[in-house]
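A.B. asks: Have a look at this prediction, sequence included:
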Amino acid sequence: MPYFVFRITPGSTPLVKDLDLLDQFDRFQDAKRFARARRAELEPDSRVTIKVMFAASQLEAEEKLQEHREPPILQEWEK
């Protein structure tokens, strides 16, 4: 399964995100290197996020990125 690198821009509401596929890689190391380079190009106050997603297809990767996920609960020793 390939690794997809996306540029994620917040939409008009918190549930809506604009996803732009930047590139696709067969190896994680290549995808990670590419994503780090794109993140370094962003302005410090940018609301854009660069993410690597492992999925069978681009559609599956986009669906996973659009899912609403609850923030993790911090335990007392993690604070």
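C.D. replies: All right, it came through fine. Owing to the predicted nature of the structure, the values given are computational and were not obtained by experimental measurement.

A.B. asks: alpha carbons only for contacts and neighbour counts from here, please
C.D. replies: Will do.

A.B. asks: Just after the helix ranked longest in the chain, pick out the following helix or strand.
C.D. replies: Secondary structure of the chain per DSSP state H: the longest helix is helix 28-41. Where DSSP states H and E defines the elements, the next helix or strand beyond helix 28-41 is strand 49-54.

A.B. asks: okay, the angle between that following strand and helix 28-41?
C.D. replies: 170 degrees (axes from the mean of the first three to the mean of the last three Cα atoms, to 10 degrees).

A.B. asks: List the neighbouring strands of strand 49-54 plus their orientation.
C.D. replies: If you go by DSSP bridges, strand 49-54 pairs up with strand 3-10 (antiparallel).

A.B. asks: got the contact list for the longest helix of the chain?
C.D. replies: 3-5, 24-25, 49-52 (Cα atoms under 8 Å, 6 or more residues apart in numbering).

A.B. asks: what two of those residues have the greatest distance between them?
C.D. replies: 25 and 49 (18.3 Å; Cα to Cα).

A.B. asks: Can you tell me how far the residue most central in space within the chain is from residue 22?
C.D. replies: The centroid of the chain falls nearest to residue 51 when counting by Cα atoms, centre = their mean (2.3 Å). Separation of residue 51 from residue 22 (Cα to Cα, to the nearest Å): 10 Å.

A.B. asks: any common contacting residues for those two?
C.D. replies: Residues touching both residue 51 and residue 22 (Cα under 8 Å, 6+ apart) are 5-7.

A.B. asks: Any chance of JSON lines for these, columns pLDDT?
C.D. replies: Below are the shared contacts of residue 51 and residue 22 laid out as JSON lines (pLDDT from 0 to 100):
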{"residue": "5", "pLDDT": "97"}
{"residue": "6", "pLDDT": "97"}
{"residue": "7", "pLDDT": "96"}
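
A.B. asks: Select from these the one having the most neighbours.
C.D. replies: Counting neighbours by other Cα atoms under 10 Å, residue 5 comes out on top of these with 25 neighbours.

A.B. asks: I am finished for the moment; much appreciated.
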